[in-house]
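Novice: Pasting the sequence and the predicted model now:
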Amino acid sequence: QLQLVESGGGLVQPGGSLRLSCAASGLILGNYAIGWFRQAPGKERERVSCISFNSGYTDYEDSVKGRFTISRVNAKNTVYLQMDILEPEDTAVYYCAARIRYCSNYDNDYLYWGQGTQVTVSS
């Protein structure tokens, strides 16, 4: 069964850090680009970051550049999103999604999605 599972979310104070993980089962994650998306209440889903299948390409949404870092360890079938200097505006449910090889700007291009993990940034 193909499955992506996010973990690492939680409650953190502004300025704090979290590391999200996206673990895959039933597929070889090394063949896929992984995007991290988030959706805050009342807002549309947005793509936060993406990494290509071989880590040769990464990108970040403007508001997280310099604060978030995406990485992957294909041997562990896992992709990470290190989130530093968190802000209340980062509060959202975070999802990872997989697409063959290369990143895409279009949500519909991603074949597999996880269930999401809640990130709340609040004092």
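Specialist: All right, it came through fine.

Novice: Strands along this structure, start to end?
Specialist: 3-7, 10-12, 18-25, 32-39, 46-51, 58-60, 68-73, 78-83, 92-100, 112-113, 117-121 (DSSP state E).

Novice: Bridging across strands, which residues link to the most centrally placed residue in the chain?
Specialist: Centrality entry for the chain: nearest residue to the mean C-alpha point is W36, 2.5 Å, by Cα atoms, centre = their mean. Under DSSP bridges, the beta-bridge partners of W36 are S49, C96.

Novice: was I right about it contacting R45?
Specialist: No - with contact taken as Cβ atoms under 8 Å, W36 and R45 are classed as non-touching, separated by 11.0 Å. The C-beta positions use only the backbone N, C-alpha and C, and glycine is treated the same way.

Novice: Find residues that contact each of those two.
Specialist: Each of Y95 lies in contact with both W36 and R45 under the rule Cβ atoms under 8 Å, 6 or more residues apart in numbering.

Novice: okay, Q115: pLDDT?
Specialist: As summarised for this prediction, Q115 has a pLDDT of 97.

Novice: and it, what is it in contact with?
Specialist: Residues in contact with Q115 (Cβ under 8 Å, 6+ apart) are 5-6, 95.

Novice: can we see that at 10 Å?
Specialist: With contacts defined as Cβ atoms under 10 Å, 6 or more residues apart in numbering, the neighbours of Q115 are 3-6, 93, 95-96.
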